[in-house]
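Participant: Give me a model of this one.
(chains A and B)
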Amino acid sequence: QKEVEQDPGPLSVPEGAIVSLNCTYSNSAFQYFMWYRQYSRKGPELLMYTYSSGNKEDGRFTAQVDKSSKYISLFIRDSQPSDSATYLCAMSEESGGSNYKLTFGKGTLLTVNP
Amino acid sequence: EAGVTQSPTHLIKTRGQQATLRCSPISGHTSVYWYQQALGLGLQFLLWYDEGEERNRGNFPPRFSGRQFPNYSSELNVNALELEDSALYLCASRVTGIRYTFGSGTRLTVV
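Facilitator: As a prediction, this is how the structure comes out:
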């Protein structure tokens, strides 16, 4: 079993839809949970970051972490064509020495149609 | 503030050759990470450099190596290239905490 599993999609939705993206993981030592957005031919950019369990909201984006189920989600409200990208979940243990090595899911390709 | 810059943008090499990829972190960032993004595999951790030292490496063979210079820029070297080394190589930097900033990557194609 891979440490982080993410449905690769592709996912296609109409403009204005609510999008739900998910990852599951097996390593109970993960404490940091992140969502990155990657446009074609670009590097990933950090969208949301959460420490341990709970929810975090930033504008149209909401990240949820359920450590008991080893399950994280990203919700995008009122999706826009500019949200079309690959969304990557990433996780890290809280390790000594400030390592912060990230373990990524494979990414979900999202297309928002006008 | 200038972002993380990587060069070259694209690199085509023949199997068995060596490739050198370069990364300039954001000014003030002392940690540099290298990741490989191969088709169908997602981002895989390669190397972490901090204050000029290699601090951690991922599950890659020794022909993947690198270094960090006194100005915190970094170089990734891949020796004895194999076809499966074809991938996007991403560099990221950070100063403290877990927030990385990634560059746009070097697309390495091995033929």
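Participant: Show me the shaky parts of chain B.
Facilitator: Low-confidence segments of chain B, defined by pLDDT under 70, span residues B:1.
Participant: Tell me which residue in it sits closest to chain A.
Facilitator: B:Phe102 (3.4 Å; C-beta to the nearest C-beta). Heads up, the C-betas are built off the backbone N, CA and C, glycines and all.
Participant: Could you measure from that residue over to B:Pro62?
Facilitator: For B:Phe102, the distance to B:Pro62 equals 25 Å [C-beta to C-beta, to the nearest Å].
Participant: Just want to know which of these two has more residues nearby.
Facilitator: More crowded of B:Phe102 and B:Pro62, by other C-beta atoms under 10 Å in any protein chain shown: B:Phe102, with 22 against 7.
Participant: number of nearby residues for the residue lying closest to A:Tyr39 once chain neighbours are set aside?
Facilitator: Using C-beta to C-beta, 6 or more residues apart in numbering or on different chains and skipping the chain neighbours, the partner closest in space to A:Tyr39 is A:Ala85 (4.9 Å). Residue neighbour count, defined by other C-beta under 10 Å, stands at 21 for A:Ala85.
Participant: how about A:Ser82, secondary structure?
Facilitator: Here A:Ser82 is recorded as helix under DSSP: H, G, I helix; E, B strand; the rest coil.
Participant: Skipping its backbone neighbours, what lies nearest it in space?
Facilitator: Per C-beta to C-beta, 6+ apart, closest to A:Ser82 is A:Val112, 7.8 Å.
Participant: How about stretch B:70-77 and chain A, touching?
Facilitator: No - taking C-beta under 8 Å from any C-beta of the partner chain as the criterion, stretch B:70-77 and chain A are apart, separated by no less than 14.6 Å.
Participant: CA atoms of that stretch as CSV?
Facilitator: Provided in CSV are the C-alpha atoms of stretch B:70-77 (Å, rounded to 0.1, in the frame of the first residue of the first chain):
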residue,chain,number,x,y,z
PRO,B,70,27.9,28.8,-0.1
ASN,B,71,25.3,31.1,-1.7
TYR,B,72,22.7,28.3,-1.1
SER,B,73,22.2,27.6,-4.8
SER,B,74,22.2,23.9,-5.6
GLU,B,75,23.1,21.5,-8.4
LEU,B,76,21.7,18.1,-9.1
ASN,B,77,23.8,15.6,-11.0
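Participant: How about A:Gly54, nearest residue that isn't a chain neighbour?
Facilitator: The spatially closest residue to A:Gly54, leaving aside those adjacent along the chain, is A:Val65, at 6.1 Å (C-beta to C-beta, 6+ apart).
Participant: Enumerate every residue touching that neighbour.
Facilitator: Counting by C-beta atoms under 8 Å, 6 or more residues apart in numbering or on different chains, A:Val65 touches A:33, A:50, A:52-55, A:71-72.
Participant: quick one: contacts for B:Thr5?
Facilitator: Per C-beta under 8 Å, 6+ apart, neighbours of B:Thr5: B:23-24, B:103.
Participant: Same list, the residues you listed, but as CSV with distance to A:Glu3 and secondary structure please.
Facilitator: Shown next, in CSV, are the contacts of B:Thr5 (distance: C-beta to C-beta, whole Å; DSSP: H, G, I helix; E, B strand; the rest coil):
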residue, distance to A:Glu3, secondary structure
B:Cys23, 25, strand
B:Ser24, 31, strand
B:Gly103, 24, coil
